[in-house]
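**Student:** model the following, please.
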Amino acid sequence: MKYSDELMKTWNEYKDPKRVKALSVLIKEEVEKIGRPINIMEFCGGHTHVILRNGLDELLKGYVKFLHGPGCPVCVIAMERIDLALKLAKFPNVIFTTYGDLLRVPGSDGTNLLKLRAEGYQVKAVSSCMEALKLAMEHPDKKVIFFAIGFETTSPHTAVLIKEAKRQGIKNLWVISNHVLSLVVLEYLLNSEEKPQIDAFIGPGHVSTITGSLVYEKITQTYGTPVVISGFEPLDLLQTTYLIAKQIREGRSEVEIQYKRSVDPRGNVKAQQYLKEVFKIRDTFPWRGLGYIPKSAYEIKEEFSQYDGEKFFDIKIASGREHPGCLCGQVIKGLKTPLDCKLFARVCTPQHPVGPCMVSSEGACLAYYRYKRAGI
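**Tutor:** Numbering: from 1, shown residues only. I've put the predicted structure just below:
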């Protein structure tokens, strides 16, 4: 049976149990021809949740092992950047804005932005960075900070925010950029001495709508590691897994797009242009559990430096102190699963998270808490 996007016309078809069963059989046949189980790393938290929520890991157990990589923006933000956010939020006359999940990530002292808001500091969750611009216009007497996080999916939005603030001559808005680059972290993992066996990557669907697929050719050509960009339905991920198994069995290493309904090889050229206009690549940047990775994040260009909050507020923050029992850093490397953590579902819960992997809606620990904690 042949599987492609064109064959599935309705959303229900992407969850059709008969198709799921048939495709799982094809995957197992391919893996049996390979002669060993294969290890596939997904580095998008959305994919992690789809895999676990639909039991795809159990369906393919003994044939495919899914490794959960550093693809959750909240999960990879370093402790020192959280400590920076907490300090900025306490500045007098500041309205501090960021995306919602970040408000619950604890800093070095155990507090978080949500607690600061309860104490009376002006901390606001936004669903769009343009809400920060609106607040700056409505409150010209306030210093409005937008604490920007995310991979290439959200970084163009921040670029548009900065361009629009400059166009309108806004004087009371500053951006703290924590935008990171997906391709660089993949190379870091493949070059790391401390890494699991990675046979292939499931490419991130949303990120790839911006970057396109061509950027991953360096991974396939230099490291011989296949990359297949996937959508977010159960059959998307199964078809992606099948394409990966087929590549490995045939001895190929290529970039393929399973998510053809959304991803173009060139990506979103307009969004890429915004990024080039507003941002440049930092020399280095800290990642949770991974340390400082060279050329792995964006900073604001000099032409827009009046909106660079790191320059305006000029706060120095020491490296943050992680909770000694938290395994988030190991989880996002694919070296451990949340079930290996002694804090998981006992001390660390969604109501009282210790680490960001339990906070984020894309975090692996939250996914395991929702779908795999039976018997704990």
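**Student:** for P70, which non-adjacent residue is spatially closest?
**Tutor:** Nearest non-adjacent residue to P70, counting by C-beta to C-beta, 6 or more residues apart in numbering: I332, 4.1 Å away. For the C-beta atoms, the positions are set from N, CA and C on the backbone; glycine is no exception.
**Student:** the one you found is in contact with A78, isn't it?
**Tutor:** No - using C-beta atoms under 8 Å, I332 is not in contact with A78; the gap is 11.7 Å.
**Student:** compare those two (neighbour count), which wins?
**Tutor:** I332 (29 against 23; other C-beta atoms under 10 Å).
**Student:** give the contact list for that one.
**Tutor:** Applying C-beta atoms under 8 Å, 6 or more residues apart in numbering to I332 gives the contacts 68-70, 72, 75-76, 288-290, 357, 364.
**Student:** go on, F91?
**Tutor:** By C-beta under 8 Å, 6+ apart, the contact list for F91 reads 143, 313.
**Student:** and it, what pLDDT?
**Tutor:** Looking at F91, its pLDDT is 95.
**Student:** any idea how far it is from A159?
**Tutor:** 25 Å (C-beta to C-beta, to the nearest Å).
**Student:** mean confidence score for the host helix or strand of A132?
**Tutor:** Counting by DSSP states H and E, the element that carries A132 is helix 130-138. The predicted model assigns helix 130-138 a mean pLDDT of 98.
**Student:** now do the helices in the stretch 51-200 of the chain.
**Tutor:** Along the stretch 51-200 of the chain, counting by DSSP state H, counting those that start in this stretch, helices occupy 56-59, 73-76, 79-89, 113-118, 130-138, 155-168, 182-191.
**Student:** any low-confidence regions in the protein?
**Tutor:** 1-12, 320, 374-376 (pLDDT under 70).
**Student:** the nearest residue to K143 once chain neighbours are set aside: how many residues sit nearby?
**Tutor:** In space, and not counting its chain neighbours, K143 is closest to V94: 4.8 Å by C-beta to C-beta, 6+ apart. If you count neighbours by other C-beta under 10 Å, V94 ends up with 18.
**Student:** for V94, give me its contacts.
**Tutor:** V94 touches 88, 121-122, 142-145, counting by C-beta under 8 Å, 6+ apart.
**Student:** ChimeraX command to pick out the buried ones of those?
**Tutor:** Per 16 or more other C-beta atoms under 10 Å, the buried members of those correspond to this ChimeraX selection:
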select :88,121,122,143,144,145
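**Student:** restricted to strands, list the contacts of V94.
**Tutor:** 122, 143-145 (DSSP state E).
**Student:** ok, so of these, who is nearest L181?
**Tutor:** Nearest to L181 out of the ones in strands among the contacts of V94 is I145 (C-beta to C-beta; 22.8 Å).
**Student:** quick revisit: from the contacts of I332, which two are the most distant?
**Tutor:** Longest span within the contacts of I332, C-beta to C-beta: L290 and A364, 14.8 Å.
**Student:** looking at these two, which is more packed in?
**Tutor:** Using other C-beta under 10 Å as the criterion, L290 and A364 rank with A364 on top: 28 against 20.
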